[in-house]
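[1] What follows is a predicted protein model with its sequence.
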Amino acid sequence: MDDLPSLKSLPPEWVDLFVVLAAIFLLVLCIFFWALLIRKRKGTRRRIRRRHHREHRPANPTLAQGGGLPPVREETNPPQTPQP
């Protein structure tokens, strides 16, 4: 048993590193079990919402159906805004 390295023979920086890594590992393990066990409710199902397509509402037209893009504006002409 004397062949096994102990924490006393390691430099303090390595001991600190092991403590931080162990804390991170425990935190990740706790989050994993929380997500797995607590968030998963047994016996409850989520309702699936389905979108109802209405036949009386047509789809938006494509650019080809609507006549394409509007003409390119020249930089000298400001965009026209409707006057109230």
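    Noted; the coordinates are in hand. All values derive from a computational prediction rather than experimental measurement. Numbering: from 1, shown residues only.
[2] and stretch 19-31, C-alpha only, in PDB?
    Below are the C-alpha coordinates for stretch 19-31, written out as PDB (Å, rounded to 0.1, in the frame of the first residue of the first chain):
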ATOM      1  CA  VAL A  19     -11.100  19.400  -5.900                       C
ATOM      2  CA  VAL A  20     -12.400  21.700  -8.600                       C
ATOM      3  CA  LEU A  21     -12.900  18.800 -11.100                       C
ATOM      4  CA  ALA A  22     -14.600  16.700  -8.500                       C
ATOM      5  CA  ALA A  23     -17.000  19.600  -7.700                       C
ATOM      6  CA  ILE A  24     -17.800  20.100 -11.400                       C
ATOM      7  CA  PHE A  25     -18.400  16.400 -11.900                       C
ATOM      8  CA  LEU A  26     -20.800  16.200  -8.900                       C
ATOM      9  CA  LEU A  27     -22.600  19.300 -10.200                       C
ATOM     10  CA  VAL A  28     -23.000  17.800 -13.700                       C
ATOM     11  CA  LEU A  29     -24.100  14.500 -12.200                       C
ATOM     12  CA  CYS A  30     -26.800  16.200 -10.000                       C
ATOM     13  CA  ILE A  31     -28.100  18.200 -13.000                       C
END
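[3] Give me the distance from it to the chain's centre.
    How far stretch 19-31 lies from its chain's middle: 23 Å, per Cα atoms, centre = their mean, to the nearest Å.
[4] Okay, buried residues for it please.
    Using 16 or more other Cβ atoms under 10 Å as the burial criterion, none of the residues of stretch 19-31 qualify. In short, each C-beta sits where N, CA and C put it, glycine included.
[5] ok, now stretch 9-17?
    Result for stretch 9-17 [16+ other Cβ under 10 Å]: no buried residues.
[6] Tell me which helix or strand comes right after whichever strand or helix holds V28.
    Secondary structure from DSSP states H and E places V28 in helix 12-33. Later in the chain than helix 12-33, the nearest helix or strand by DSSP H and E is helix 63-66.
[7] Alpha carbons of that following helix, in CSV - could you do that?
    This file holds the C-alpha atoms of helix 63-66, laid out as CSV (Å, rounded to 0.1, in the frame of the first residue of the first chain):
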residue,chain,number,x,y,z
LEU,A,63,-43.2,36.2,-56.3
ALA,A,64,-44.0,34.7,-59.7
GLN,A,65,-47.7,34.7,-59.0
GLY,A,66,-47.7,38.2,-57.6
